[in-house]
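Trainee: fold the following for me, if possible:
(chains A and B)
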2 protein chains.
Amino acid sequence: MSALARAPLFDSVAIVGVGLIGSSLARVIKRERLARRIIGCDASAAVRRKLKTLGLTDTATGDAGASAKGADLVVVCTPISTYAALGRAIGPKLKPGAILSDVGSVKQVAIQTLGAHLAKRAHFVPGHPVAGTENSGPEAGFADLFAGRWCILTPAKGTSPRAIGRVAELWRRAGMRVETMDAAHHDRVLAITSHVPHLIAYTIVNTANDLEAHLKAEVIKFAAGGFRDFTRVAASDPVMWRDVFLHNREAVLEMMGRLYEDIALLQKAIRAGEGKTLEDVFARARRLRRSIVAAKQD
Amino acid sequence: MSALARAPLFDSVAIVGVGLIGSSLARVIKRERLARRIIGCDASAAVRRKLKTLGLTDTATGDAGASAKGADLVVVCTPISTYAALGRAIGPKLKPGAILSDVGSVKQVAIQTLGAHLAKRAHFVPGHPVAGTENSGPEAGFADLFAGRWCILTPAKGTSPRAIGRVAELWRRAGMRVETMDAAHHDRVLAITSHVPHLIAYTIVNTANDLEAHLKAEVIKFAAGGFRDFTRVAASDPVMWRDVFLHNREAVLEMMGRLYEDIALLQKAIRAGEGKTLEDVFARARRLRRSIVAAKQD
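Mentor: Model prediction:
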């Protein structure tokens, strides 16, 4: 790669909300030298102290508006319920040509809130790096979190192609494959691949939790394959997920409706002892699983 | 450990059904020298050829009755739908003092079928090593599969304590923690920790599969955290799982009913925009997850 390609993409990047995703972004920006300067912004004083201890950002502030001032790129990595206020605080402070982006799991709401107060000539490029773990906080992040995963950008029509290209290049240098998509379409795809699975995982863990005390103790003790996977997902950040469900309500409820119909069929097959139906359904699921493995998203 | 403790536990062990679990058991028996001789039995000629290639068993046969003849221990590792016929084939061939055991995920049916035709003075000790992966077949097995996991034994009242102790010791030497439990109780605990999660995983994968073609392609492409965990579980053996649901029908349907009630509450909270309810439910699930991690079943 030429020296030019290796030059920093941005002079200064502000990361607003330095948790799992924000701190992983900070780490990969440092490692790949994607910016000359990283401004960390977090509402929590404890997190700001950790940023210093861990040396993740060059400065740390609790004021989102101040962090945005003078930055070439501001990436919001906070739960979606903060977007409206952050949009009002950050939007007007952006310098001409600056880019505002985010990493949230629901994109229509990002456009309606975070992107609604942009300064003149600033650009909004909403993004969703589809990567994560069940852990939270700046210590949980790591530079390789994004490697080999997809990043979906959902810019509105008419957004500067140059601004989109710069954000795409940031995620590419973080190791991601980048695709652009309509925000509404994104929200439906993610409802079934991510939001509904998380909802079920949370529910099933609580259903187990509500069993008679003697059964519950054993549920924990003998937690088997399937359940462990479920509980791992259910360890994710409650506030982040609350916001996802509140702000992708329609797509999630639609996909839940479809899921109910399919579960009802299986339940009926179990009740009626229809082995052939069960085996066929399970075999179909196994084939889709193999498609996913073939698509290298394992 | 004394030389005595390290002596083989059994002279000859027959493993009936040499797939993921059966072949892992064969491997750990060889590695730990738990038996002088392993007789492999599988209905599939292809599997029997693999047993020779892999050197997993000392002999290989397709005749379950013949494999049981003269064995000190017979461990059935096949799908539950085979149990009735295997019980009739194996039971009468057991020599006095021999032990018949299994590794199935539903225990009441094991007692009613596999254990129903025992030769005089032979012992039936049903077992369930709670371990596995989503892969199938003799190549998928490995000796460490059982390490650190629980094995649940569900012998009927009046079963010889010595026979129970020998089976328990086998699994302990394979690295497991062993517990005995009533068969009906086992079936309820496993319904919620394992069977229902698998049912949901299979369903959600198929719901995604049935989406409009353009959405489906993207579901595969962007398969995110939660969905990948679901699809991994859904890759498990369709026949094995068909049999689990057919033979643990009542407990599975009861737990599904409980789960429905809990999902309905969350769905209503999403529809009504009740963020507090969602956050509380998610935080509770996270706490149960932490209990499981503390119980070292992660």
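Trainee: can you give me the helices in the stretch 151-298 of chain A?
Mentor: A:161-173, A:183-190, A:196-209, A:213-221, A:225-233, A:238-247, A:249-272, A:275-294 (DSSP state H, counting those that start in this stretch).
Trainee: rebuild the ones you listed as CSV, extending it with distance to chain B and mean neighbour count.
Mentor: Where C-beta positions appear, they are placed from N, C-alpha and C, glycine not excepted. Formatted as CSV, these follow (distance: least, Cβ to the nearest Cβ, whole Å; neighbours: other Cβ atoms under 10 Å in any protein chain shown):
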stretch, distance to chain B, mean neighbour count
helix A:161-173, 14, 18
helix A:183-190, 5, 22
helix A:196-209, 3, 26
helix A:213-221, 5, 16
helix A:225-233, 3, 25
helix A:238-247, 4, 23
helix A:249-272, 5, 18
helix A:275-294, 4, 18
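Trainee: weakest of those helices in terms of mean pLDDT?
Mentor: Least confident of the helices of the stretch 151-298 of chain A, judged by mean pLDDT, is helix A:225-233 with a mean of 68.
Trainee: any residues of the stretch 51-200 of chain A in contact with chain B? List them.
Mentor: A:81, A:130-134, A:150, A:152, A:179, A:181, A:185, A:188-190, A:192-200 (Cβ under 8 Å from any Cβ of the partner chain).
Trainee: now do 6 Å
Mentor: A:V130, A:G132, A:W150, A:V189, A:I192, A:T193, A:S194, A:P197, A:H198, A:I200 (Cβ under 6 Å from any Cβ of the partner chain).
Trainee: which ones are touching A:R172?
Mentor: Neighbour list for A:R172: A:V178 [criterion: Cβ atoms under 6 Å, 6 or more residues apart in numbering or on different chains].
Trainee: and the gap between A:P155 and A:H123?
Mentor: A:P155 sits at a distance of 8 Å from A:H123 (criterion: Cβ to Cβ, to the nearest Å).
Trainee: look at those two and report which has more neighbours.
Mentor: A:P155 (25 against 22; other Cβ atoms under 10 Å in any protein chain shown).
Trainee: quick check: pLDDT value at the more buried one.
Mentor: A:P155 carries a pLDDT value of 98.
Trainee: what does A:K296 give?
Mentor: Listed pLDDT for A:K296 reads 58.
Trainee: same deal with A:L100?
Mentor: For A:L100, pLDDT reads 98.
Trainee: that one bridge partners, please.
Mentor: A:V74, A:F124 (DSSP bridges).
Trainee: make sure it is actually in contact with A:F124.
Mentor: Yes. At 5.0 Å, A:L100 counts as touching A:F124 under the criterion of Cβ atoms under 6 Å.
Trainee: more neighbours: these two, which one.
Mentor: Between A:L100 and A:F124, counting by other Cβ under 10 Å, A:L100 is the more crowded of the two (31 against 23).
Trainee: not counting its neighbours along the chain, what's nearest A:L94?
Mentor: Leaving aside its chain neighbours, A:L94 sits nearest to A:A122 (3.8 Å; criterion: Cβ to Cβ, 6 or more residues apart in numbering or on different chains).
Trainee: verify the contact between that neighbour and A:P92 for me.
Mentor: No. Shown here, A:A122 and A:P92 do not form a contact pair, counting by Cβ under 6 Å, at 9.2 Å.
Trainee: quick one, the helix or strand A:R88 falls within and helix A:238-247 angle?
Mentor: Per DSSP states H and E, A:R88 falls inside helix A:83-90. With axes from the mean of the first three to the mean of the last three Cα atoms, to 10 degrees defining the directions, helix A:83-90 sits at 100 degrees from helix A:238-247.
Trainee: run through who's touching helix A:83-90.
Mentor: A:A64, A:G65, A:A68, A:V74, A:V76, A:T113, A:L114, A:A116, A:H117.
Trainee: pick out the residue of the stretch 1-150 of chain A closest to chain B.
Mentor: A:V130 (4.7 Å; Cβ to the nearest Cβ).
Trainee: can you report how many residues lie near A:P8?
Mentor: 15.
Trainee: re earlier: who has more neighbours, A:A122 and A:P92?
Mentor: Neighbours were counted for A:A122 and for A:P92 using other Cβ under 10 Å; A:A122 has more, 23 against 14.
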